[in-house]
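what's the 3D shape of this:
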Amino acid sequence: QVQLGQSGGGLVQAGDSLTLSCTASGRTFSRLAVAWFRQAPGEAHEFLASIRWTSGQTKYADSVKDRFAISRDNAKSTVYLVMNRLQRDDTAVYYCAATEGYSGDASELYDNWGQGTQVTVSQ
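The predicted structure is shown next:
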């Protein structure tokens, strides 16, 4: 089992940047992949990006690939999501999630989730 602790988030203005952090603990990470999802009220989880822990290979949703960047710091067991040029439509609860051997966009295949953090973008 992997435990994920999130930090970051908050209230920002449109056009601002924000960085979210997700720190993993609990077991070895050799086959682990970590992804970021978000969920707006009444909506399903939306895949944003993922990164494979060992190789660093990344995937992005087309909707955010020009504004968001995912990265990892192995020494800190932490994955980051840097979000640039935030828009009001980016307002949602953001979650990191992890699983072994899969780094795609299907939220149901991730079996470890962070607690979520609210990001609110004002005009």
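
where do the strands sit along the chain?
3-7, 10-13, 18-25, 32-39, 46-52, 58-60, 68-73, 78-83, 92-100, 112-113, 117-122 (DSSP state E).

Quick one: mean pLDDT over the fifth one.
Model confidence over strand 46-52, given as mean pLDDT, is 97.

returning to what we had before: packed most tightly, which of the strands of the chain would that be?
strand 32-39 (a mean of 24; mean count of other C-beta atoms under 10 Å). Yep, even glycine has a C-beta here, placed from its N, CA and C like the rest.

hmm, back to that, let me have the strands of the chain in CSV, extended by distance to residue 106.
Formatted as CSV, those follow (distance: least, C-beta to C-beta, whole Å):
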stretch, distance to residue 106
strand 3-7, 18
strand 10-13, 29
strand 18-25, 18
strand 32-39, 10
strand 46-52, 8
strand 58-60, 12
strand 68-73, 17
strand 78-83, 18
strand 92-100, 10
strand 112-113, 14
strand 117-122, 22
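
and the residue nearest to residue 32 when sequence neighbours are not counted, what is it in contact with?
Nearest non-adjacent residue to residue 32, counting by C-beta to C-beta, 6 or more residues apart in numbering: residue 53, 4.3 Å away. Residue 53 sits next to 29, 30, 31, 32, 33, 34, 72, 74 when contact means C-beta atoms under 8 Å, 6 or more residues apart in numbering.

and of these, the nearest to residue 119?
Distance ranking of these against residue 119, using C-beta to C-beta, places residue 34 first at 17.7 Å.

Can you tell me how far the residue nearest the centre of the chain is from residue 114?
The centroid of the chain falls nearest to residue 36 when counting by C-alpha atoms, centre = their mean (2.2 Å). According to C-beta to C-beta, to the nearest Å, residue 36 and residue 114 sit 9 Å apart.

can you list residues touching both of those two?
Common neighbours of residue 36 and residue 114 (C-beta under 8 Å, 6+ apart) are 22, 95, 96, 97.
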